[in-house]
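Asker: Build me a structure from this.
(one chain, ligands or ions: 2)
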Amino acid sequence: MVFKVARVETTPFDGQKPGTSGLRKKVKVFMQPHYLQNFVQSTFNALGADKVRGATLVVSGDGRYYSKDAIQIIIKMAAANGVRRIWVGQNGLLSTPAVSAVIRERVGPDGSKANGAFILTASHNPGGPHEDFGIKYNMENGGPAPEGITDKIYSNTTTIKEYLIAEGLPDVDISIIGVTSFAGPEGQFDVDVFDSASDYVKLMKSIFDFQSIQKLLTSPKFTFCYDALHGVAGAYAKRIFVEELGAKESSLLNCVPKEDFGGGHPDPNLTYAKELVARMGLGKTNTEQEPPEFGAAADGDADRNMILGKRFFVTPSDSVAIIAANAVQAIPYFSGGLKGVARSMPTSAALDVVAKNLNLKFFEVPTGWKFFGNLMDAGMCSVCGEESFGTGSDHIREKDGIWAVLAWLSILAYKNKDNLGGGKLVSVEDIVRQHWSTYGRHYYTRYDYENVDAGGAKELMAYLVKLQSSLTEVNNIIKGIRSDVSKVVHADEFEYKDPVDGSISKHQGIRYLFEDGSRLVFRLSGTGSEGATIRLYIEQYEKDSSKTGRDSQDALAPLVDVALKLSKMKEFTGRSVPTVIT
Ligand code: G6P
Ligand code: ZN
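Answerer: Ligands and ions are numbered 1, 2, ... in the order given. Below you'll find the predicted structure:
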């Protein structure tokens, strides 16, 4: 049977502006008739018929609620718009990093390569009928669509009048691997359902020394735990950690992907990864069992990571610095040296110190992975990371949660290569403390005020910008709050000029920089789906190795006090405590 192309009349919806990482809304918003269709057609129109006709597109995601329906809709719309092939991970599952890898590496059974992807995820936001769904488009390089495209998509959503959808094309069974071909008015259309993990596993094997990681993971001295928080990482964790690397099945926690992430909040931090935190001996209720040596967690779409040692938390800012410092020795992919390193502005300056010591090119970019992508495409950056639990490299154009875990396991394997037989294991904590004593320590914490009134949040930000016009006044206020905090020597809103394409990004966070190297940064989150989230980033540098062992909340208490009072956080938000502290 030949499917037909139907033109369906529609009218625009408000608010289809893709944020930092695509369009994220409540499921019930996405389920309105034509809502998803309008966005998908607007994307096809933004790409242009010459890019869409004959294209091979990937469609998959973290498996959250509504994904399966969305995949069938997108398949039918793609067919109607002249797409030649759709690639779907089995059961619609592909982690965000795996999508990036599939675009860059996979060769289809007929020799085809992908041109782009629709990724169905709202990342670390909860899922389920009353929670979030999301969609974003990634380009041929495997990275998120640049602003030029997302702006076009948005503008198309405001004027859309019709969309195209195939009529007479049956739903495709995405649980079965294989290619199904259909006949359309303009020729053949294929849906290729493939194994979600193989391409990604192959890529990881080409980057890391799996043999040495396997030795570590199977050593009786080493214990390991991985928590996928019921996100898509589970589909990769079993294959990689258990089947390839020999970890015990019991090392996997919440590794069965679920549409609602088991009712949890799939964000790998100390608040939401409760079970792992307790298992690692970090919770208030200390477990009786001896915690594992190494623990890690991922978010819903598996691009984020949290790294833990036994009773020890590694801040993401330290994590990227430590990976950069050890990459050349511990990870075969980097044995030829690093092209450069980069971090986002609110991420601590731990990476800067490594870059300086190792004489590496260094970049400070605004929040959002796409800024790293530009540097990587230009061959200027090998390793990068963000305070928001994102770490990665130029092997793909997304951050990569499992890659980060393999990087840490590689460092542990390297540091322990001579003492797995006898001798004391070098632990995660040892590695971090050694790093601090070499490079100094950046005490760091982030306070999040989630879902506050958007008006109040805007006023707080405006107030902080206004204050910046007089540093004398700022310092007077600070003196009235604490006498043990140094003075502000510079305050601005971060602005970035992309060294590759020259584009300028303004208003990327409010900074107060202190004489002793401390920093306060205030930013509004770009990834929420309701209200506003204020993020406050607090950082203090300690060079003296005899003082790098303090508890970070203690060490930062004076600066926190200053930040909260200076910003009038309570007055503007009505909140006396943050929702999450990391
Ligand atoms: C996503 C992006 C990251 C970014 C983060 C910021 O995860 O992929 O690159 O750091 O959002 O989130 P926020 O909520 O702080 O805007
Ligand atoms: Zn994510």
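
Asker: Quick one: residues contacting residue 547.
Answerer: Going by CB atoms under 8 Å, 6 or more residues apart in numbering, residue 547 touches no other residue. Just so you know, the C-beta spots here come from the backbone N, C-alpha and C atoms, and that holds for glycine as well.

Asker: Helices along the stretch 451-582 of the chain, start to end?
Answerer: For the stretch 451-582 of the chain, helices defined by DSSP state H, counting those that start in this stretch occupy the ranges 454-467, 471-481, 552-566, 569-573.

Asker: Output these in JSON lines, with mean neighbour count and distance to residue 280 appended to each entry.
Answerer: Converted to JSON lines, the helices of the stretch 451-582 of the chain look like this (neighbours: other CB atoms under 10 Å; distance: least, CB to CB, whole Å):
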{"stretch": "helix 454-467", "mean neighbour count": "16", "distance to residue 280": "33"}
{"stretch": "helix 471-481", "mean neighbour count": "14", "distance to residue 280": "35"}
{"stretch": "helix 552-566", "mean neighbour count": "17", "distance to residue 280": "17"}
{"stretch": "helix 569-573", "mean neighbour count": "18", "distance to residue 280": "30"}
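
Asker: Indicate which one of the ones you listed is closest to residue 393.
Answerer: Closest to residue 393 of the helices of the stretch 451-582 of the chain, according to CB to CB: helix 552-566, at 26.7 Å.

Asker: Now do that closest one against helix 471-481: the angle between them, please.
Answerer: For helix 552-566 against helix 471-481, the angle by axes from the mean of the first three to the mean of the last three CA atoms, to 10 degrees is 120 degrees.

Asker: What is helix 552-566 packed up against?
Answerer: Using 3 or more CB pairs under 8 Å, 6 or more residues apart in numbering; DSSP states H and E, the elements in contact with helix 552-566 are strand 441-452, helix 471-481, strand 519-524, strand 532-542.

Asker: Including mean pLDDT, could these go into JSON lines?
Answerer: Output for those, formatted as JSON lines (pLDDT from 0 to 100):
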{"stretch": "strand 441-452", "mean pLDDT": "95"}
{"stretch": "helix 471-481", "mean pLDDT": "92"}
{"stretch": "strand 519-524", "mean pLDDT": "96"}
{"stretch": "strand 532-542", "mean pLDDT": "95"}
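
Asker: Please enumerate the helices of the stretch 201-350 of the chain.
Answerer: Under DSSP H, counting those that start in this stretch, the stretch 201-350 of the chain gives helices at 210-218, 233-237, 274-279, 316-330, 350-358.

Asker: anything in the fourth one sitting right up against ligand 1?
Answerer: It refers to helix 316-330. No: contact of helix 316-330 with ligand 1 (CB under 6 Å from any ligand atom) is absent, the minimum separation being 9.7 Å.

Asker: buried sites along that helix?
Answerer: By neighbour count on 16 or more other CB atoms under 10 Å, the buried set for helix 316-330 is 316-328, 330.

Asker: go on, the first one?
Answerer: Within helix 210-218, the residues that count as buried by 16+ other CB under 10 Å are 210, 212-217.

Asker: Residue 262: how many residues sit nearby?
Answerer: 15 (other CB atoms under 10 Å).

Asker: Contacts only, for the residue lying closest to it once chain neighbours are set aside.
Answerer: Leaving aside its chain neighbours, residue 262 sits nearest to residue 230 (4.2 Å; criterion: CB to CB, 6 or more residues apart in numbering). Residue 230 makes contacts with 254-258, 260-262, 264, 266, as judged by CB under 8 Å, 6+ apart.

Asker: Please go through those residues and note which also touch ligand 2.
Answerer: The subset of the contacts of residue 230 within reach of ligand 2, by CB under 5 Å from the ion, is empty.

Asker: Out of those, flag the one nearest to residue 91.
Answerer: Nearest to residue 91 among the contacts of residue 230, with distances taken as CB to CB, is residue 257, at 8.3 Å.

Asker: returning to that earlier point: turn the buried residues of helix 316-330 into TSV, including pLDDT.
Answerer: As requested, these are arranged in TSV below (pLDDT from 0 to 100):
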residue	pLDDT
316	97
317	97
318	98
319	98
320	98
321	98
322	98
323	98
324	98
325	98
326	98
327	98
328	98
330	98
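
Asker: and of those residues, the nearest to ligand 2?
Answerer: The closest of the buried residues of helix 316-330 to ligand 2 turns out to be residue 316 (CB to the ion; 13.1 Å).

Asker: what sits against that closest one?
Answerer: Contacts of residue 316 (CB under 8 Å, 6+ apart): 305-307, 347, 385-391.

Asker: switch the cut-off to 10 Å
Answerer: Counting by CB atoms under 10 Å, 6 or more residues apart in numbering, residue 316 makes contact with 268-269, 304-307, 343, 347-348, 350, 385-391, 404, 444, 446, 582.

Asker: before we move on, back to that, can you say which two of the buried residues of helix 210-218 are spatially most distant?
Answerer: Spanning the widest gap among those are 210 and 216, at 10.7 Å by CB to CB.
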